[in-house]
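Trainee: what follows is a predicted protein model with its sequence.
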Amino acid sequence: MKEASLTITENSRLAASVYRMRLAGGAGDNLPGQFVNVRLPGLFLRRPISVCDFDGETLTLIYKTVGRGTELMAGLEPGAELDVLCGLGHGYDLDAPCAKPLLIGGGVGVPPLYYLAKELVKNGKAVSAVLGFNTADEVFYEEEFRSLGCAVTLATADGSRGVRGFVTDALPNGCDRFYACGPLPMLKALCGKLTIPGQLSLEERMGCGFGACMGCSVETAHGAKRVCREGPVFDREELLW
């Protein structure tokens with residue numbers, strides 16, 4: 001974990017209620033599946049945001065405006081500085097044996113999978129990605145995944161783009177490991193349908209973000225674990241449905 005003062009270089013709208021923020025400065029190390037905790041002016045608790053991309057100099061975050069904190073974030077201008085705790089949590093296992101990984105994201109569960117896809121492609125993997133949204137106007141980062149060389153399938157609940165239905169209705173065959181991030185019902189449904197090994201990133205309300213308050217604990221096959229510390233990424237075998 002590293003506390004850093006980062007400067008906003010971009011804060012732009014990508015889709016309905018979805019924004020991309022880019023931050024420059026000494027952000028330390030940030031791995032796929034990890035998150036940052038952002039301090040916002042006038043708010044006591046920091047806001048946890050997953051890392052969408054990191055190149056050693058620029059940190060990219062994608063977030064959805066769902067409350068006071070993220071609405072405040074959406075109004076910040078380039079040039080503003082933010083206090084950010086970086087490199088938090090346990091990320092995805094990049095060394096797990098696989099040749100054809102499948103990445104499955106739902107809504108704002110998509111961003112951390114982009115950074116993961118980037119690293120897996122760099123490691124010579126043939127990556128497939130299934131991106132799920134409610135409607136066509138919520139779709140984002142389809143072309144960014146394609147530009148990495150991923151085979152991309154879209155699913156929308158109303159059928160306005162791609163496959164009609166949920167991500168579970170659009171899963172390709174032939175993959176040997178999966179990585180997922182999204183709402184809990186989606187993750188549970190994936191574990192019920194897929195038989196290959198996998199890792200899932202859980203979404204949970206957090207207090208401190210680094211394991212001190214125990215507020216984000218979940219029961220696992222190995223006892224209570226903190227989503228912010230031992231997670232947010234867990235092996236599928238650990239999770240109790």
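Mentor: Yep, it's here. Numbering: from 1, shown residues only.
Trainee: return the set of buried residues in stretch 193-212.
Mentor: Within stretch 193-212, the residues that qualify as buried are 194, 198, 199, 200, 201, 202, 203, 206, 208, 209, 210, 211, counting by 16 or more other CB atoms under 10 Å. The way it works is simple: take the backbone N, C-alpha and C, and place the C-beta from them, glycine included.
Trainee: so the third one touches residue 231, yeah?
Mentor: Yep, that's residue 199 we're talking about. No. Counting by CB atoms under 8 Å, residue 199 stays clear of residue 231, with 10.1 Å between them.
Trainee: longest strand in the chain, please.
Mentor: With DSSP state E applied, the strand covering the greatest number of residues in the chain is identified as strand 2-15.
Trainee: buried residues, it. List them.
Mentor: For strand 2-15, a neighbour-count test (16+ other CB under 10 Å) marks 4, 6, 8, 11, 14, 15 as buried.
Trainee: for the last one, which non-adjacent residue is spatially closest?
Mentor: Translated: residue 15. Spatial nearest neighbour of residue 15, excluding adjacent residues (CB to CB, 6 or more residues apart in numbering): residue 140 at 4.3 Å.
Trainee: count of neighbours near residue 32?
Mentor: Number of residues near residue 32 (other CB atoms under 10 Å) recorded here: 25.
Trainee: same thing with residue 159?
Mentor: When neighbours are counted by other CB under 10 Å, residue 159 registers 12.
Trainee: got the contact list for the closest residue to it other than its chain neighbours?
Mentor: Spatial nearest neighbour of residue 159, excluding adjacent residues (CB to CB, 6+ apart): residue 165 at 7.5 Å. Counting by CB atoms under 8 Å, 6 or more residues apart in numbering, residue 165 makes contact with 155, 157, 159.
Trainee: as JSON lines, these with secondary structure would be great.
Mentor: Conversion of those to JSON lines gives the following (DSSP: H, G, I helix; E, B strand; the rest coil):
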{"residue": "155", "secondary structure": "strand"}
{"residue": "157", "secondary structure": "coil"}
{"residue": "159", "secondary structure": "coil"}
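Trainee: show me which of the residues you listed is closest to residue 69.
Mentor: residue 157 (26.2 Å; CB to CB).
Trainee: and for this structure, the residue most distant from the center?
Mentor: If you look at how far each residue of the chain sits from its centre, by CA atoms, centre = their mean, the farthest one is residue 42, at 25.9 Å.
Trainee: contacts only, for that one.
Mentor: Shown in contact with residue 42 (CB under 8 Å, 6+ apart): residue 72.
Trainee: can you confirm it is in a strand?
Mentor: No. According to three-state DSSP, residue 42 belongs to no strand; its state is coil.
Trainee: biggest separation within the buried residues of stretch 193-212, which pair?
Mentor: Across the buried residues of stretch 193-212, the longest distance by CB to CB is 32.9 Å; it joins 194 and 208.
Trainee: in strands only, show me the buried residues of stretch 193-212.
Mentor: In strands, judged by DSSP E, the following of the buried residues of stretch 193-212 are found: 198, 199, 200, 201.
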